[in-house]
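Trainee: coords please:
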Amino acid sequence: MTVVRHASSNYRKETAMNVQISRPLNSVSPAAARALVRIVIVGHVDHGKSTLIGRLLHETDGLPDGKLDALKAVSARRGMPFEWSFLLDALQTERDQGITIDTSQIRLRTAARDIVLIDAPGHAEFLRNMITGAAQADAAVLMVDATEGVRDQTRRHGYLLHLLGVRQVMVVINKMDRVGFDAGKFREIESEIAAHLAGLGLTPTAIIPISARNGDGVTRHTSSTAWYRGPTVLSALDAFSPARQPHDLQTRMPVQAVYKFDDRRIIAGRVESGRIRVGDDVLVMPAGKPARIKSIEAWPVPASPQAPRAAIAGQSVGVTLDRDIFVERGDVISALSSPAASATRLRARVFWLHQRPLAVGGHLTARIGTAETTAVVAAIEDGVDPGLLASDGAEVIGQNHVGEIELDLSRPIAIDPYTADPNTGRIVLEFEGRIAGGGLILTAQAAAAHTTSGRRPGKLASVAHAPRTDVNSDELRTKASALAQVFARLPPAERIARLRQEIAGKIVFTTSFGLEDQVILHLLSERGNDVDVVTLDTGRLFPETYALWAQTERRYGVRIRALHPRHGDLEALVERQGINGFYQSRAARTACCTVRKVEPLERALAGARAWIAGLRAEQSAHRQDMALVTAETGRGLIKLNPLFDWTREQLLTFVSGNDLPINSLHAQGFASIGCAPCTRAITPGEPERAGRWWWEEESKKECGLHSRRP
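Mentor: Next comes the predicted model:
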């Protein structure tokens, strides 16, 4: 990628690799940093976006030596005229079809600020890519072809800029050379586009006539547009105001992962806004747990005087806290004085991309920063076709339409409205295993105030098992039955591979690092199947299990995602029955498993279309009643137990033959290993499950993870 720098009338060029390098952790002062403005260039296909950028690079002497001549030679060999857009459209498909498929980013340096130009696709089929580019922008250039005027896609892009909160918009009317630089034609288009943007609440900073191909109006005025007295494109770009700098906002650090080193728990993430210093008092949201930043970690470990003491927005860091509180991926470390909201309901303005319309009652996966949760559409305002700026009269949002929706979240999430912090105020929606929409968070309703959630402080929350409305139960059962017949003739590895072929969307494998799970993970690693691997860290696992977890990750080179109990639910459980109250009754044991295992499992399976588990029929009498493949209609997924018909002898032979890492407790007589307080070794001749909930009668040794009936 080419990076262009210019100051006043003196330009110089340099090339850069497509790699972003973070500032050193000790270099945290933003005072010396220049203002940065990200500007997206949008418009209907073939209205000249890439051509304008290519021309800007040429006229600012921003091209590497020989680059222009080389591209002209390539065009001649291909028997096609040279286009400035070839400087940006690097993909072969783009050159053949003359359209931009992905976004390109080019840096310009003016006397006042740094500018990043984002070239976004104009074709309707690539709206996802256009939204990706525009979502990063502080300002926009909207291109209009003088020969075609304002098109539906032009209006749609204008609406998307409004949707994404881009308030600074410049309009460039291109290809004026093809209409003879007719001032009347320019004024006609100028009036139409200005009126359209005014209807969206946008006032363009400038409307500029240009010929990107010839260079008129790009960086200089020419005699062809002597009747125009406004700015050039370059000077108008320089006039855009930079967004409020992230380091000036309240502290927000979404947690990406938590790592255990020695006796430390290092919380890793990117500081999205504000700054973090050693000694700062913070709140970990959404639980609202107070803590103090004990240290900021760096690698390699520096000498004590050089250890970082602060970090600002844009830096990825690891921190430790002064107290041992439960923190997981998706939490947000917030400023104590102004924390993110803990919300179970939000309102968002979204753009919908899926071919199936979005309707009230629809089940989605919502992603906000690093957090992920299932969500139900509680309300929709009339869907709007952004090309027509009119409601389609339906109480749904159709493909490529927009609307405002309310979402009920299955668990509290740390949220900021977009107006308060654009870095943490965007939402992405997933449906049927793919990205289906996204937009801006307008408001967030605090979890404590959301009366329909059924959650009150100090009370133990139950797990909701509302059936999914987007799954046909009969069709799911039919599919499971058909797969069972096919899978019965296949070995375990082929069963897993065939499941991936048959199921479109997310497949989850849950592991507790038992013998069966280690075999399945080995098979997954050998085949490279696209399956999410997760584990449930109840907080009460054996030390040997944690050691095997780390050993397994090293063996297979994977990071196994952990889901933990919700902190608030765990506190309520302990407050209600004490730290070891599960010994008192079966109801207490079930409640403990619900909080520590069953509810995290529901989160692990959120949005999944299939679940792989390590059940075998001979493990217990209860499991003999299960099947190789089942339809879990409540969860809306297919469940596969690929080792269901294996014997323990087959299992041990495979483990030994492949030298799989296994739990050292197996050598001490532990057959099925779960939480430490509820698991013991078994004596010869006892059933495998006899060591789980060992004081229970033989028929009651299933905690609920696998015993819940469809």
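
Trainee: the longest strand in this structure is where?
Mentor: In the chain, taking DSSP state E as the definition, the longest strand is strand 401-415.

Trainee: and that strand, what does it pack against?
Mentor: helix 152-163, strand 341-352, strand 363-368, strand 371-380, strand 384-385, strand 434-446, helix 599-604 (3 or more CB pairs under 8 Å, 6 or more residues apart in numbering; DSSP states H and E). Any C-beta I mention is one placed from the backbone N, CA and C, and that applies to glycine too.

Trainee: any idea where the helices of the stretch 101-250 of the chain begin and end?
Mentor: 127-134, 152-163, 183-199, 233-239 (DSSP state H, counting those that start in this stretch).

Trainee: could you measure from the residue of the chain positioned farthest from its centre over to G217?
Mentor: Distance to the chain centre peaks in the chain at S223, reaching 49.7 Å (criterion: CA atoms, centre = their mean). Relative to G217, S223 is positioned 11 Å away (CB to CB, to the nearest Å).

Trainee: again, but for L36
Mentor: 25 Å.

Trainee: list the buried ones in stretch 321-333?
Mentor: L321, F326, V327, E328, R329, G330, D331, V332, I333 (16 or more other CB atoms under 10 Å).

Trainee: need the worst-confidence member of the residues you listed.
Mentor: Minimum pLDDT for the buried residues of stretch 321-333 is recorded at F326 (85).

Trainee: check which helix or strand it maps to.
Mentor: In this structure, F326 sits in neither a helix nor a strand according to DSSP states H and E.

Trainee: and the nearest residue to it once chain neighbours are set aside, its phi and psi?
Mentor: Leaving out its chain neighbours, the residue that sits closest to F326 by CB to CB, 6 or more residues apart in numbering is H567, at 4.4 Å. Backbone dihedrals for H567, given as degrees, to the nearest 10, come out at phi -60, psi -40.

Trainee: with neighbour numbers in mind, choose between L36 and G217.
Mentor: Ranked by neighbour count (other CB atoms under 10 Å), L36 and G217 place G217 first, with 27 against 14.

Trainee: okay, now the unreliable bits of the stretch 351-500 of the chain?
Mentor: Across the stretch 351-500 of the chain, residues meeting the criterion (pLDDT under 70) sit at 382, 384-394, 446-471.

Trainee: try 80
Mentor: For the stretch 351-500 of the chain, the stretches flagged by pLDDT under 80 are 381-395, 400, 402, 419, 422-423, 445-472.

Trainee: repeat for the stretch 51-200 of the chain
Mentor: For the stretch 51-200 of the chain, the stretches with pLDDT under 80 are 54-137, 152-153, 156-157, 159-166, 200.

Trainee: try 90 this time
Mentor: Applying pLDDT under 90 to the stretch 51-200 of the chain flags the ranges 51-141, 143, 149-168, 195-200.

Trainee: determine which of the helices and strands packed on strand 401-415 approaches A268 most closely.
Mentor: The closest of these to A268 is strand 371-380. By CB to CB, the value is 14.9 Å.

Trainee: partner strands of that closest one, parallel or antiparallel?
Mentor: The sheet places strand 371-380 alongside strand 363-368 (antiparallel), strand 401-415 (antiparallel), with pairing taken from DSSP bridges.

Trainee: if anything else comes up later, I'll come back, but that's it for now.
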